[in-house]
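Engineer: model this:
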Amino acid sequence: MSYAGESAGVTGTKTPRLLDQVRARLRLRHYSLRTEQAYIGWIRRFILANDKRHPRDMGAAEVEGFLSTLATQGQVAAGTQNQALSALLFLYREVLSIELPWMETIVRAKRSQRVPVVLSRDEVSRLLALMDGCFALMASLLYGSGMRLMECVRLRVKDVDFELNQICVRNGKGGKDRHVPLPQRLRELLRAQLERVKLIHQQDLDAGHGSVWLPDALARKYPSAPREPGWQYVFPSSQLSRDPRGGAWRRHHVDESGLQRAVRAARIKAHIVKPATCHTLRHSFATHLLEAGQDIRTIQELLGHKDVATTQIYTHVLNRGGHGVLSPLDRG
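Structural biologist: Presented below is the predicted three-dimensional model:
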């Protein structure tokens with residue numbers, strides 16, 4: 001579920017309105033822009049659902065009613081409902097500074113435990129063969145390195161290391177960095193892509209642009225860094241766009257929805273009936289490594305999981321579950 005960005009909320013020039021206070025607090029805590037947009041959207045919906053009453057005048061009944069409506073009428077997933085609850089918790093605790101003992105009694109929706117969708121090696125080959133251009137390279141990286149979708153989209157030139165045959169994933173899930181393998185088959189394609197990025201960046205510089213967004217305060221600490229080649233995105237957008245926070249015109253990374261649509265189109269053309277997505281390529285990466293005999297601890301590090309228990313979801317390939325049990329009908 002997506003929400004509008006800066007336009008989603010109330011603005012003021014004198015005393016900050018509630019949503020402006022929420023936005024300022026989120027930025028102070030270094031929340032991502034996506035989280036900011038989602039939280040602002042949920043808080044706004046909560047207020048509108050209660051006849052525009054101020055959250056200070058509401059309590060457990062209104063919060064529980066709002067979350068229940070999401071589940072019963074909106075039929076949202078457990079993760080979506082929990083995100084709405086997290087947004088309201090942030091509003092009351094961080095912005096309004098209101099102690100909420102009653103919030104502790106609100107039960108978070110329980111996520112369903114599902115096995116991952118995994119493609120066979122043949123299915124992966126068929127899928128990738130039906131893709132071309134930049135999206136084919138990105139999809140191949142997802143499968144060949146195990147990166148998450150946004151980790152691939154946000155990849156910077158300086159983080160591709162041809163000498164050590166690895167890619168450094170910066171600020172992954174949980175704010176952690178890690179190294180993943182650089183597939184040998186993609187080396188030349190990646191070199192060609194970086195040459196293309198170099199040309200695009202030079203054209204932007206000649207046009208008076210060429211500055212890329214940097215996280216936190218790096219742009220102030222290193223004023224020339226945003227214009228350096230190493231900080232440019234490996235997969236840049238085809239056009240410049242305005243920074244929603246600073247207002248500057250920059251070339252951001254390619255929109256992830258384009259890759260998602262390309263993977264879906266290739267899946268349909270390949271007649272793959274499994275509900276495969278970009279994340280399925282990451283699941284397939286881990287599963288195929290396990291099948292090849294790689295130890296689960298190494299796979300945990302490559303995937304960036306907090307603990308090995310999360311990685312154990314892929315042990316369905318180790319002669320467990322339906323894959324490793326002979327049905328009674330097949331026994332002699």
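
Engineer: check which helices and strands the longest helix anywhere in the chain sits against.
Structural biologist: The helix that spans the most residues within the chain, counting by DSSP state H, is helix 187-206. Using 3 or more Cβ pairs under 8 Å, 6 or more residues apart in numbering; DSSP states H and E, the elements in contact with helix 187-206 are helix 133-145. Backbone N, C-alpha and C define where each C-beta goes, glycine included.

Engineer: give me the residues contacting the longest helix of the chain.
Structural biologist: Helix 187-206 is contacted from outside by 134, 137, 140, 157, 160, 162, 182, 210, 227, 229, 232-236, 240, 251, using Cβ atoms under 8 Å, 6 or more residues apart in numbering.

Engineer: so how do I select the buried members of those in PyMOL?
Structural biologist: Buried members of the contacts of helix 187-206, defined by 16 or more other Cβ atoms under 10 Å, are picked up in PyMOL with:
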select buried, resi 134+137+140+157+160+182+210+229+232+233+234+235+236+251
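
Engineer: distance of the residue nearest the centre of the chain from residue 47?
Structural biologist: Centroid-nearest residue in the chain: residue 150, 4.4 Å away (criterion: Cα atoms, centre = their mean). Per Cβ to Cβ, to the nearest Å, residue 150 is found 29 Å from residue 47.

Engineer: okay, now stretch 177-189: how far is its last residue from its first?
Structural biologist: 24 Å (Cα to Cα, to the nearest Å).

Engineer: what's the average pLDDT for that stretch?
Structural biologist: Averaged across stretch 177-189, the pLDDT comes to 95.

Engineer: give me the buried positions along that stretch.
Structural biologist: By 16+ other Cβ under 10 Å, the buried positions in stretch 177-189 come out as 178, 179, 180, 182, 183, 186.

Engineer: do stretch 79-87 as well
Structural biologist: With burial defined by 16+ other Cβ under 10 Å, the residues of stretch 79-87 counted as buried are 80, 81, 82, 83, 84, 85, 87.

Engineer: quick revisit: local confidence estimate at the closest residue to the residue nearest to the centre of the chain other than its chain neighbours?
Structural biologist: Sequence neighbours aside, residue 256 is the residue nearest to residue 150 in space, at 6.3 Å (criterion: Cβ to Cβ, 6 or more residues apart in numbering). The score at residue 256 is 94. That number is its pLDDT.

Engineer: what about residue 256, neighbour count?
Structural biologist: Using other Cβ atoms under 10 Å, residue 256 has 16 neighbouring residues.

Engineer: can you pull the contacts of the closest residue to residue 184 other than its chain neighbours?
Structural biologist: In space, residue 184 comes closest to residue 165 once its chain neighbours are excluded; the distance is 7.3 Å by Cβ to Cβ, 6+ apart. By Cβ under 8 Å, 6+ apart, the contact list for residue 165 reads 181, 182, 184.
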